[in-house]
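Novice: test case, fold it:
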Amino acid sequence: MKIEKPVIIEDYNDDWPFIFNELKEILEMKLGDLALTIRVDITNITPLHT
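Specialist: Modelled structure (predicted):
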């Protein structure tokens with residue numbers, strides 16, 4: 001598997017938890033009962049770069 005997109009390292013953003021929660025809510029609304037569980041996650045340690 002070849003990955004075409006570059007890896008981007010960014011400074012920690014205090015908005016990320018809210019952005020990921022919004023994404024999770026959108027997926028739950030769109031997928032409904034099609035998904036048993038939805039996990040939206042980012043690997044980071046506040047406030048390190050990720």
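
Novice: all helices of this structure, in order?
Specialist: Using DSSP state H, the helices assigned to the chain run over residues 16-31.

Novice: burial count for residue 28?
Specialist: The tally of other residues near residue 28 (other Cβ atoms under 10 Å) stands at 13. Where C-beta positions appear, they are placed from N, C-alpha and C, glycine not excepted.

Novice: ignore what I typed, I meant residue 31.
Specialist: Residue 31 has 11 neighbouring residues, counting by other Cβ under 10 Å.

Novice: tell me how far the closest residue to it other than its chain neighbours lies from residue 11.
Specialist: Nearest residue to residue 31, sequence neighbours excluded (Cβ to Cβ, 6 or more residues apart in numbering): residue 38, at 7.0 Å. Per Cβ to Cβ, to the nearest Å, residue 38 is found 27 Å from residue 11.

Novice: for residue 13, see how far away residue 35 is.
Specialist: Residue 35 is 26 Å from residue 13, by Cβ to Cβ.

Novice: ah, wrong one, I meant residue 39
Specialist: From residue 39 over to residue 13 the distance is 20 Å, taken as Cβ to Cβ.

Novice: the more surrounded of these two?
Specialist: Using other Cβ under 10 Å, the more surrounded residue of residue 39 and residue 13 is residue 13, with 13 against 7.
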